[in-house]
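Novice: For reference, the sequence and a predicted model appear below.
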Amino acid sequence: TRLQLESTISQSCGNTSYPCVLIHWFDHIADEPDELTGMWMVKPSFVKDGTKNLSVIHVDSIVHNAHLLPIF
């Protein structure tokens, strides 16, 4: 599963600040990377009512970045 950063959010509780991000999830199109490019192909994830599959997560939960390239 991949994600796209939508917005940054900082939540505070007392003297502690919690840096968070709003993300849009993406799903794999296939079970393996594209044969020609070696890259995973993904599509935006939506919930049953058709709205974006969004989550707020702590920035420390992000393991690594990825670049999403459009398919023409």
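Specialist: Now that the structure is in, tell me what you want to look at.
Novice: what residue ranges in this structure score low on pLDDT?
Specialist: Applying pLDDT under 70 to the chain flags the ranges 1-9.
Novice: What is the burial count for Phe26?
Specialist: Applying other Cβ atoms under 10 Å, we find 19 other residues in the vicinity of Phe26. All C-beta spots, glycine's among them, are computed from the backbone N, C-alpha and C.
Novice: How far off centre is the helix or strand where it lies?
Specialist: Per DSSP states H and E, Phe26 falls inside strand 16-28. Distance of strand 16-28 from the chain centroid (Cα atoms, centre = their mean, to the nearest Å) equals 7 Å.
Novice: Summarise which helices and strands that strand is packed against.
Specialist: Judged by 3 or more Cβ pairs under 8 Å, 6 or more residues apart in numbering; DSSP states H and E, strand 16-28 is in contact with strand 2-13, strand 42-44, strand 54-58.
Novice: What residues sit buried inside it?
Specialist: Going by neighbour count (16 or more other Cβ atoms under 10 Å), the buried part of strand 16-28 is 20-21, 23-26.
Novice: Ok, stretch 61-69 next?
Specialist: Per 16+ other Cβ under 10 Å, stretch 61-69 contains no buried residues.
Novice: okay, how far is it across it, tip to tip?
Specialist: 23 Å (Cα to Cα, to the nearest Å).
Novice: Kindly report the same for stretch 17-36.
Specialist: 44 Å.
Novice: Repeat that for stretch 52-67.
Specialist: One end of stretch 52-67 to the other measures 19 Å (Cα to Cα).
Novice: So what touches that stretch?
Specialist: With contact meaning Cβ atoms under 8 Å, 6 or more residues apart in numbering, stretch 52-67 is reached by 2, 6, 9, 18-25, 44-47.
Novice: does Asp60 count as helix, strand or coil?
Specialist: Here Asp60 is recorded as helix under DSSP: H, G, I helix; E, B strand; the rest coil.
Novice: if I look at it, how far off is Pro33?
Specialist: According to Cβ to Cβ, to the nearest Å, Asp60 and Pro33 sit 27 Å apart.
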